[in-house]
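Asker: next one to model:
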Amino acid sequence: MSYKIPVLFVCTGNSARSQIAEALLRHTDSQNFEVASAGTNPKPINPKALDVLEKAGVSTEGIYSKSLETLADRRFDVVITLCDKAAQECQLLANPAEVLAWNFEDPSASSDPKAFEHTLQAIHERIKLFVLVKTKRN
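Answerer: Residues are numbered from 1 along each chain as shown. The predicted model follows:
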């Protein structure tokens, strides 16, 4: 497959969930997907998000927090929101072909010491299914 499907992950802060999702999709299938992430109200990346990715053997190279506005000139075939708040605020995106709403609790707001690990596992399971569905069509 020479065409890479452009995918954008969006959450409010672009500090944990969308960063984890971006790194996981790139790690899982960078051959078929071109991936980015952004936030509706970006904040610095939570160090625990980077730590959990690195412990899982997933590269964090080149990921950084960014706003939706910085990606306004790019076209995405699939936009995946990772929280209900971002799903509501995402109406400003220009005509993505497909919008998926995946609602994951913010691990930064959890008192569970394993919240980031659980979030990584849950997002990874969803991404594996997403890749299977999207690449099966070929």
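
Asker: ok, residue 57 - how many residues close by?
Answerer: Using other Cβ atoms under 10 Å, residue 57 has 7 neighbouring residues. To be clear about C-beta, it is placed using only N, CA and C from the backbone, and glycine gets the same treatment.

Asker: again with residue 120
Answerer: A total of 24 residues lie near residue 120 under the criterion other Cβ under 10 Å.

Asker: ok, now residue 31?
Answerer: Using other Cβ under 10 Å, residue 31 has 8 neighbouring residues.

Asker: secondary structure element for it?
Answerer: Here residue 31, judged by DSSP states H and E, is contained in no helix and no strand.

Asker: how much space between it and residue 63?
Answerer: Residue 31 is 19 Å from residue 63, where distance means Cβ to Cβ, to the nearest Å.

Asker: do the same with residue 27
Answerer: For residue 27, the distance to residue 63 (Cβ to Cβ) stands at 11 Å.

Asker: for residue 6, same thing?
Answerer: 16 Å.

Asker: what's the helix or strand for residue 19?
Answerer: helix 17-29.

Asker: just checking, what packs against that helix?
Answerer: Other helices and strands packing on helix 17-29, by 3 or more Cβ pairs under 8 Å, 6 or more residues apart in numbering; DSSP states H and E, are strand 5-11, strand 33-39, helix 47-55, helix 115-136.

Asker: tell me which helix or strand comes right after the helix or strand of the chain with the lowest mean pLDDT.
Answerer: Least confident helix or strand of the chain, by mean pLDDT, DSSP states H and E, is helix 84-89 with a mean of 67. Counting by DSSP H and E, the next helix or strand C-terminal to helix 84-89 is strand 98-101.

Asker: just the CA trace of that following strand, in PDB.
Answerer: This file holds the C-alpha atoms of strand 98-101, laid out as PDB (Å, rounded to 0.1, in the frame of the first residue of the first chain):
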ATOM      1  CA  GLU A  98     -14.600   9.800   9.100                       C
ATOM      2  CA  VAL A  99     -14.800  10.900  12.800                       C
ATOM      3  CA  LEU A 100     -14.600   8.300  15.500                       C
ATOM      4  CA  ALA A 101     -15.300   9.100  19.200                       C
END
